[in-house]
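> below are the sequence and a predicted model; questions follow.
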Amino acid sequence: MSETVAPAQASAPQEADITSALARRSVVLVGMMGAGKSTIGRRLAARLRLPFLDADIEIEAAAGMSIPDIFETHGEPHFRDGEARVIARLLDSGPAVIATGGGAFMREETRNRIRDKAVSIWLKADVDVIMKRVRRRADRPLLQTEDPTATVSRLLEAREPVYRSADVTILSRDVPHDRIVDECIEALRARLCAGAPAAQPTTEG
């Protein structure tokens, strides 16, 4: 189910430096629903000439049913167990850019696997950005509540302390996607490549 970008030309030096430093490790995007993990992940994978894997799509393929149906039929604990197994398999499959579901990083077992086999990027988004992006979609089981905004606020409060343990934090906001990807590239190079200048945190926009 991976999406592989054929190398049309040689990667830019900084992208090549990153993939060399990664070796067999992957890049894993974590954060809330609506943070842009899949959108940014596809573009980041293209830049790094790596396969892109969306954990939610892989979970649905493994289960033979949609995530909302898994929640409704089997419940969230069953879904989380399957999610952990799928992410473990993806991490074992070699270097890739992997987008995870919003709750995946909350499981200690999964965090430990990501720490051992990947570099993690937290795409940090605030409530307003998240709601703007997800309010039109009906496929978010955790938002099937009377007050989705309050639900997102509660989830953020519970999850952000855990998301902060990711290796890199990038602010997800309403700017061109390629700008966020550029910041991911800069931060990865600063973390992975000795002597690279540290990426400056960007908060405007």
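Received it, and whenever you're ready, just let me know what you need. Numbering: from 1, shown residues only.

> how far does stretch 163-175 stretch from one end to the other?
22 Å (CA to CA, to the nearest Å).

> give the buried residues for it.
Buried residues in stretch 163-175, counted by 16 or more other CB atoms under 10 Å: 163, 166-173. To be clear about C-beta, it is placed using only N, CA and C from the backbone, and glycine gets the same treatment.

> what does the helix or strand hosting residue 182 rub up against?
Using DSSP states H and E, residue 182 maps to helix 177-192. Helix 177-192 is contacted from outside by 14-15, 17-18, 21-22, 27, 36, 39-40, 43-44, 47, 119, 121, 123, 167-168, 170, 172, 196-199, 202, using CB atoms under 8 Å, 6 or more residues apart in numbering.

> state the mean pLDDT of it.
Mean pLDDT, helix 177-192: 94.

> can you pull out the low-pLDDT segments for this structure?
For the chain, applying pLDDT under 70 flags the ranges 1-11, 136-145, 194-205.

> quick one: residues contacting the one residue sitting closest to the centre of the chain.
Nearest to the geometric centre of the chain sits residue 29, at 2.2 Å (CA atoms, centre = their mean). By CB under 8 Å, 6+ apart, the contact set of residue 29 is 37, 40-41, 44, 97-100, 120-121, 123.

> before we move on, what about residue 152?
So residue 152 contacts 32, 127, 130-131, 134, 143 (CB under 8 Å, 6+ apart).

> same thing with residue 65?
With the criterion set at CB under 8 Å, 6+ apart, residue 65 makes contact with residue 73.

> what about residue 20, how many residues nearby?
For residue 20, the count of nearby residues is 11 (other CB atoms under 10 Å).

> for it, give its distance to residue 13.
Separation of residue 20 from residue 13 (CB to CB, to the nearest Å) stands at 10 Å.
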